[in-house]
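J.: Provided below are the primary sequence and the corresponding predicted coordinates.
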8 protein chains.
Amino acid sequence: MRDILRAVAEGELSVDEAEAALAGYVTSEAGRFDAARESRRGVPEAILAEGKSSAELADLSTSALESTDRAILTRVDAERRTAVVEAIETETDAEVRVEGSTIVAHAPDFEAADLDATVGVVTAGTSDAPAADEAATIATEMGASVERYGDIGVAGVHRLFDHLEALRSAEVLIVAAGREGALPTVVAGLVDTPVIGLPTSIGYGHGGAGEAALSGMLQSCSVLTTVNIDAGFVAGAQAGLIARAIDGAKRA
Amino acid sequence: MRDILRAVAEGELSVDEAEAALAGYVTSEAGRFDAARESRRGVPEAILAEGKSSAELADLSTSALESTDRAILTRVDAERRTAVVEAIETETDAEVRVEGSTIVAHAPDFEAADLDATVGVVTAGTSDAPAADEAATIATEMGASVERYGDIGVAGVHRLFDHLEALRSAEVLIVAAGREGALPTVVAGLVDTPVIGLPTSIGYGHGGAGEAALSGMLQSCSVLTTVNIDAGFVAGAQAGLIARAIDGAKRA
Amino acid sequence: MRDILRAVAEGELSVDEAEAALAGYVTSEAGRFDAARESRRGVPEAILAEGKSSAELADLSTSALESTDRAILTRVDAERRTAVVEAIETETDAEVRVEGSTIVAHAPDFEAADLDATVGVVTAGTSDAPAADEAATIATEMGASVERYGDIGVAGVHRLFDHLEALRSAEVLIVAAGREGALPTVVAGLVDTPVIGLPTSIGYGHGGAGEAALSGMLQSCSVLTTVNIDAGFVAGAQAGLIARAIDGAKRA
Amino acid sequence: MRDILRAVAEGELSVDEAEAALAGYVTSEAGRFDAARESRRGVPEAILAEGKSSAELADLSTSALESTDRAILTRVDAERRTAVVEAIETETDAEVRVEGSTIVAHAPDFEAADLDATVGVVTAGTSDAPAADEAATIATEMGASVERYGDIGVAGVHRLFDHLEALRSAEVLIVAAGREGALPTVVAGLVDTPVIGLPTSIGYGHGGAGEAALSGMLQSCSVLTTVNIDAGFVAGAQAGLIARAIDGAKRA
Amino acid sequence: MRDILRAVAEGELSVDEAEAALAGYVTSEAGRFDAARESRRGVPEAILAEGKSSAELADLSTSALESTDRAILTRVDAERRTAVVEAIETETDAEVRVEGSTIVAHAPDFEAADLDATVGVVTAGTSDAPAADEAATIATEMGASVERYGDIGVAGVHRLFDHLEALRSAEVLIVAAGREGALPTVVAGLVDTPVIGLPTSIGYGHGGAGEAALSGMLQSCSVLTTVNIDAGFVAGAQAGLIARAIDGAKRA
Amino acid sequence: MRDILRAVAEGELSVDEAEAALAGYVTSEAGRFDAARESRRGVPEAILAEGKSSAELADLSTSALESTDRAILTRVDAERRTAVVEAIETETDAEVRVEGSTIVAHAPDFEAADLDATVGVVTAGTSDAPAADEAATIATEMGASVERYGDIGVAGVHRLFDHLEALRSAEVLIVAAGREGALPTVVAGLVDTPVIGLPTSIGYGHGGAGEAALSGMLQSCSVLTTVNIDAGFVAGAQAGLIARAIDGAKRA
Amino acid sequence: MRDILRAVAEGELSVDEAEAALAGYVTSEAGRFDAARESRRGVPEAILAEGKSSAELADLSTSALESTDRAILTRVDAERRTAVVEAIETETDAEVRVEGSTIVAHAPDFEAADLDATVGVVTAGTSDAPAADEAATIATEMGASVERYGDIGVAGVHRLFDHLEALRSAEVLIVAAGREGALPTVVAGLVDTPVIGLPTSIGYGHGGAGEAALSGMLQSCSVLTTVNIDAGFVAGAQAGLIARAIDGAKRA
Amino acid sequence: MRDILRAVAEGELSVDEAEAALAGYVTSEAGRFDAARESRRGVPEAILAEGKSSAELADLSTSALESTDRAILTRVDAERRTAVVEAIETETDAEVRVEGSTIVAHAPDFEAADLDATVGVVTAGTSDAPAADEAATIATEMGASVERYGDIGVAGVHRLFDHLEALRSAEVLIVAAGREGALPTVVAGLVDTPVIGLPTSIGYGHGGAGEAALSGMLQSCSVLTTVNIDAGFVAGAQAGLIARAIDGAKRA
């Protein structure tokens, strides 16, 4: 601890970095960023954009970049995306990437993880893309190789067979679907890898907003685990944890 | 009306037959049987066994046989099945057939309808059989040719393709499924005939008792209409009405 | 396949037409249009307007018109209707028709289907019109003759009897109702044709947003199948499939 | 109060009658009977049989008879009915009547109310009878003339018109229905008297156990008020209160 | 009928009046007004303002005024109230009155009903006023004398006793309450007149939007019937029907 | 720890007592008893009888008595009550008391807590007694003086005022109610002590099984906190914790 | 009463103060303020800002200040906060404080309560702050010493142990949590003081809007009582009542 | 195929084995056993005992043993367990093991899988054991090393820390919990391995039957995926698939 404090005193360490190292989080006007989550849990902390202003998002991103060399923002709506990217690029020297409603910023010193394991991310329709984007981004940030397979709806199940070999080559699969949410069940019946069902809030009327998709995945005749509706972050992080376990085993 | 009354007076017509002809229903101790439903609606009346004793069921069956030459009993549980069959065979000279939990009795004079149209009845698993039995029996009684296809679950969707040609040759399809209820969606995406989804009360936990299957069929990405959970009678009767319309068109 | 490619090379076929012929869908900036759905399933593909900009809708409509000579857009809200119609008329030489919140565009070469079968579309109140419009448009586009019967609420059930003969002459009936959704039950008890219940999201408080209407139709004492709340497209397409089966039988 | 106590002392008044007069209730081993409810509220107190033994029911009936000259027991299942009737007849000199699952006992001194007002009780099907029996019994006990109309289901709405004149002559109507519960809506659209909807727990699957019927009555396009599922007592008592108001007005 | 047509020909009757007399409704651009509802059912037709523009509301009001000398508009939000009132006053010579979110217009020839019966309208809190206003207006328009009692919440139940005599003098009571909705139960335990519970959409979190209030009234230990959440119109009309029955009995 | 082990070795301490002292729980065939809960949390551990045989209950009771000198069993149904009491009395020298469906056994050495604080336990009807018994027993076992007030239903709210002074003298109140669950709201509006609402599973139809009572208490206009349906143990224990805090403050 | 009226006549008492003293509430254009609640119940009345304009809020605040020397406004959204504060400061000489979405104003004569008891307010995440602010403000206004503990989520349960001693020193604990709402359960398992669970409307998808948190707290394995979702006022007031009881006991 | 048929002809292969090899399933009186599931999906097929008689279970077990050398029966209730075990031991020479409500039978030739990967199975309370038993059995049958950790409830979260090192050493964790279901969240916040939440149907009242536990796990602040309530089979199989992937990577 003395080392950290001395480094602060001598200006080698910013206050944010020091607080992150000592307490595990960084406090700013806009809230608190849990910098220690990754070391403790192996999952990077993400900043949920809903209910925060562009300024607060930029502020939290700066804290995140200073303490962990990375900032991940999820559910940034189209209106605020440009403003947030500009603010981060102005305030820091990070490289910023936009993936649907997810924003990722890497500081120059950022060292990307690199796992020897592939995560497949499958969507039933184009409307399922936002949740799948979030999942893919998190898995990528955790170091997995991510492959995307889009628009494989069960209403035209023959299309699935064109991709079957590719799907079987992934080591973990995330399958996103709304409406009746049948795709994860069909896929999980055809592969022998772990499948994570990601229900999306697509649909209307009775069972809408993802409830039919979620209950269908929970009732699935195939073996799969599921996450909450639109919980792309959780699906991606769980896939990343499995990928890391596989990578660790390969290196062992 | 005078004719009917005179026929009763002269013993040519039983009181039941006369009441059925005049009022459209027959009254017995065990309740009232809507004898006119078939002529009014084209759908035979069925006696729901739940909550009735074996004696009441036999009683209502006798009324039905006297007034319409046929009795259809649905949801007769295993305990009472033999007693009811025996009672009907003792009290009447009808020919009795048991189809799962459905019992059908035909009087010697019964004239079976015969439609030039095929109804396919598909089940996802063996547990879906009771609802499918009910549907198949009603469609058969309405005169349709019924073909059965069993155990085509989506967890092994390749099995479906073995039956695809057969499924495509039916003119109407009833697809019964519990759990996540995805089979009607997958089937309806592969054929160009009308598909009726029949959710069954198979499943457990969240979305159990058929709720997940029902909401999945209502949310389906494919074109299909649905009936309530375990409503085999309604699915079979609707298929019968479509079959009759097709038959009528063929004969026109 | 060589023929298609050669036709593209020689400019006889657009890239969209070629992609549709080869892969079954057309890809544009705004998404993917499933051009093969009609040939595979017998139901035209529709573009759901919700969540898409006017420009994206025009873009997808152009793709649809190029590959299938037709574009159907559903749930276009009043604000964007004029803009979309103008955009389609500017970019293509299609004839555009607006039916409530549904837009239909036909290319000059479009060959309309013409089925010898009538679909009746009944509404309980004026608020049920949008869902009924959608159903009527799809059935019409599939070639059926569509008859409309409006404002036949069960709160004044005598009005129903004025239309009874007309209703009985249709070969399939779609009955749209919100609130307590009793109309399909009453109608289905009086006719011997297949009835499809279309619950609408009209109502308030407990059982509002169409849930009471849906559960009432599922519990109906009459024989009818149902679709999800406001699912006019599905009701219209199912009626169209039955109409086509009847037409085919008549021609056989 | 001295008068009451002296009457007890002199044996003119039983302890039960005295407690009822002073405190408004009678306490026995089996619980407490609210004897003052009728004078306070104008509605006779009923003993709900569910969860009580035959002995407890007889015991409470005796208390009720002693304090108010009447005992009303609701929801007495078939198994215990005979035992309870016998017990009451053994222990008291009351006259006992069984109406479905309801039991009514009148002490010799009982003075029946007699209102100049008619309550019509309508049922959609035979399964709705238990709730309707309960309603009819309570209204009768409150002094109303009760007319019953059975088996007027909306699936054969023409049957309703046979009874229309009779229904219009009642001054209050209770309409009991399960399944989709549409009958109260249809009836209330045809008469100009107050209608009380009584949803029954008939039905299955989604919206079963009376939930569809209840929500349909709450959403009704017609004017009607409703009670909870199977709440025959409440429907009958409310009709009785309206009948009493009408009777009072006639006498004024 | 000839008389009506001749009156139209001679200009004594407007087209609207004639259509109303012959068909029972008047058709305008903005929809259809059910002019015969009052004569058939005894309840005036109201125009639900939700989802209609100010122009459409004025248009429908004019039709209503022409055919029945009265227009009642419910759920007119604050923004459109002035515009609608002005439009009616400009287009017709009716007298217009605003009662919360309800607007009532009377043509000069309007003959008000006058019933010798009192309806009490009670609210638990100020937020319950809009539903209560609607109920009070309808009962008034049906001719009842309406008395209002406000802010009698059960959280200060002593306040109720100040009003008890007044409440007991009404011949029918409507009791509106949101949150836990206990007031109708408490009131109905203290009076011997019919009580109608009117749950309002006041509340938040679990059981919010009126669901707790509605289920509390349905479960009430007291005798009361209920209407759907915020259904002031239905509560007021049912009270009006009871008032009319009492008035008729008094006059008999 | 050496002391404990030596005491075991010398037979001064049973194995159960030693395990309880060291590990905080006692393991027997029938399961594990958390003996340390009281010292850690100040709430005695109770043995939930549901799903356990009489033998298992006696077995767990013995463990509890050996380690903590007390056994509390909740939700013991009527059939097993005598058997369990007999078994405990046979196997141990404890004094056993039955309070509704709750059984309490004290070893001869048991030292009862004695708090200078009063908990009032109020019930709306006799059916609410089981949950209230459970609450009262736990509060008593924690040392509070418990006063009971029964049958104070809101349908006769005047009865409440007879008890008002007594209710105001308690330092904490538990108010149990089923059906519409209004009593805690009414009571909490009249006293200035903390009130805990205890919803019971009394009721039927919509909002039955305690759901209406629970949501009514959560929506209450008065200040009160609540526990889950029938959670008498939790209500009693929370009241006991508050009583202990008050007792501690008095002694301070 | 004469005294009060004379004081009004002589101008010593404002009309508001007099009405508050006599009737227990103050009536203004914007509604009615229940001034007597505090004396009757011991809980200050708060003005719920939702659905009221800034002018109405200022108006009600003035009434509250005049009659009770204090105004508490809850759920004031960010847009109207400044306007309301300014209006109060302009119209009165009160001192105004903003605590999240809660506004508190004290007249110069206001005498703050001062209880010798500590309430701890714990939050799981920063999003839970608004509900916790509301709770803390009410407890403070009732005179309790309030300690805040923030960001102690169960996903990093080790952080809880850093605060354990502090948490144990509070005499009552309010624990606010959204999402899965596990924090109150974990805390209540580690302390021996009364814990009040405050579920917040944080979360998404299935169980979102606080429903999962609420049901988790109701199902808690630990002893805790709960309030409705976001009901900070109720949690704070209940804690205040317990604090006052403890304070009273200390002073006794 | 010829080889298989010849082997049957020569008696080297039973009919069951041949059908399994050719069609992937074995048909018996009691139903159909999907013998190919393991090869296709890597998950052994289990026989769900619910709704089947002891004879049917023994029959299906024999088929399973003949075709795959193993039979796994889940949810065998205590009454039928002995009968089923005896029947299997009588009819076959398999070795039978009972694990809670799960029965596993291995034929003498059975070759157990052996994976170099550990699955930890954690339970919150003893009532969670049945679901956890099922999960542990399946993971074991798939070849994983399974470690069990019992009774680590969050109401005494300190107990968790005693097991933390052990939990961290597992490569996948299944965490079973009922009631508020908080344990998986707490565990997943402390380890960096994939965690699968297994909600159990323990609990009562609102959110009972596992619904609170399920929604809490779906809302979890930690990273975890979940399965349906009591779906021990699915949790165990998913853990087995992850263990196999890790084992494969280690061997690679």
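T.: Done, it's in.

J.: does any bit of stretch A:130-138 sit next to chain C?
T.: No. Using Cβ under 8 Å from any Cβ of the partner chain, stretch A:130-138 never reaches chain C; the gap is at least 10.8 Å. For the C-beta atoms, the positions are set from N, CA and C on the backbone; glycine is no exception.

J.: avg pLDDT for that stretch?
T.: Here stretch A:130-138 scores 96 as its mean pLDDT.

J.: quick one: buried residues of that stretch?
T.: A:Pro130, A:Ala131, A:Ala132, A:Asp133, A:Glu134, A:Ala135, A:Ala136, A:Thr137, A:Ile138 (16 or more other Cβ atoms under 10 Å in any protein chain shown).

J.: So which of those residues sit within helices?
T.: A:Pro130, A:Ala131, A:Ala132, A:Asp133, A:Glu134, A:Ala135, A:Ala136, A:Thr137, A:Ile138 (DSSP state H).

J.: and the residue in the stretch 101-250 of chain A that chain D sits nearest to, what does it touch?
T.: Closest approach between the stretch 101-250 of chain A and chain D, counting by Cβ to the nearest Cβ: A:His206, at 8.3 Å. A:His206 sits next to A:Ala212, B:Ser215, B:Leu218, B:Gln219, C:Gly210, C:Glu211, C:Leu214, C:Asn228, C:Ile229 when contact means Cβ atoms under 8 Å, 6 or more residues apart in numbering or on different chains.

J.: care to break chain A down by domain?
T.: A:2-106, A:118-251 (automatic domain parsing).

J.: how about a markdown table for those domains, with distance to D:Ser145 added?
T.: Output for those, formatted as a markdown table (distance: least, Cβ to Cβ, whole Å):
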| stretch | distance to D:Ser145 |
| --- | --- |
| domain A:2-106 | 63 |
| domain A:118-251 | 44 |
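
J.: Quick check: which of those is buried the most?
T.: domain A:118-251 (a mean of 25; mean count of other Cβ atoms under 10 Å in any protein chain shown).

J.: Quick one: end-to-end length of it, please.
T.: 15 Å (Cα to Cα, to the nearest Å).

J.: Repeat that for stretch A:227-235.
T.: 6 Å.

J.: tell me which parts of chain A are close to chain B?
T.: A:124-125, A:153-158, A:160, A:179-182, A:185-186, A:188-190, A:203-208, A:211-222.

J.: Narrow these to those in helices?
T.: Reading helices off those with DSSP H, I get A:158, A:160, A:185-186, A:188, A:211-218.

J.: Take the residues you listed and write them to CSV, including pLDDT.
T.: Formatted as CSV, these follow (pLDDT from 0 to 100):
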residue, pLDDT
A:His158, 73
A:Leu160, 84
A:Thr185, 95
A:Val186, 93
A:Ala188, 94
A:Glu211, 98
A:Ala212, 98
A:Ala213, 98
A:Leu214, 98
A:Ser215, 98
A:Gly216, 98
A:Met217, 98
A:Leu218, 98
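
J.: before we move on, the earlier item: would you reformat the contacts of A:His206 as CSV and include distance to chain E?
T.: As requested, these are exported to CSV (distance: Cβ to the nearest Cβ, whole Å):
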residue, distance to chain E
A:Ala212, 22
B:Ser215, 20
B:Leu218, 23
B:Gln219, 24
C:Gly210, 14
C:Glu211, 12
C:Leu214, 16
C:Asn228, 21
C:Ile229, 17
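
J.: of those, closest to A:Ile246?
T.: Comparing the contacts of A:His206 against A:Ile246 with Cβ to Cβ places A:Ala212 closest, at 32.5 Å.

J.: Pull up the gap between the closest one and A:Gly189, please.
T.: As for A:Ala212, its distance to A:Gly189 is 19 Å (criterion: Cβ to Cβ, to the nearest Å).

J.: List the residues that contact the closest residue to chain C within chain A.
T.: Residue nearest to chain C within chain A (Cβ to the nearest Cβ): A:Gly205, separated by 3.2 Å. Residues in contact with A:Gly205 (Cβ under 8 Å, 6+ apart) are B:Leu218, B:Gln219, C:Pro199, C:Ser201, C:Gly210, C:Leu214, C:Asn228, C:Ile229, C:Asp230, C:Ala231.

J.: Next up, the contacts around the one residue in chain A that gets nearest to chain E.
T.: Distances between chain A and chain E by Cβ to the nearest Cβ are smallest at A:Ala209, namely 16.3 Å. Residues near A:Ala209 by Cβ under 8 Å, 6+ apart: A:Ser201, A:Gly203, A:Ile229.

J.: Lowest pLDDT pick from these?
T.: A:Gly203 (93).

J.: per-residue pLDDT, A:Ala117?
T.: 97.

J.: count of residues packed around it?
T.: Residue crowding around A:Ala117 was assessed by other Cβ atoms under 10 Å in any protein chain shown; the count is 25.

J.: Output the contacting helices and strands for the longest helix seen in chain A.
T.: Ordering each helix of chain A by length in residues (DSSP H) puts helix A:232-251 first. Contacts defined by 3 or more Cβ pairs under 8 Å, 6 or more residues apart in numbering or on different chains; DSSP states H and E place helix A:232-251 against strand A:118-123, helix A:129-141, strand A:172-177, strand A:195-199, strand H:225-226, helix H:232-251.

J.: returning to that earlier point: taking the ones in helices among the buried residues of stretch A:130-138 together, which two end up most distant?
T.: Largest separation among these by Cβ to Cβ: A:Pro130 and A:Ile138, giving 13.2 Å.
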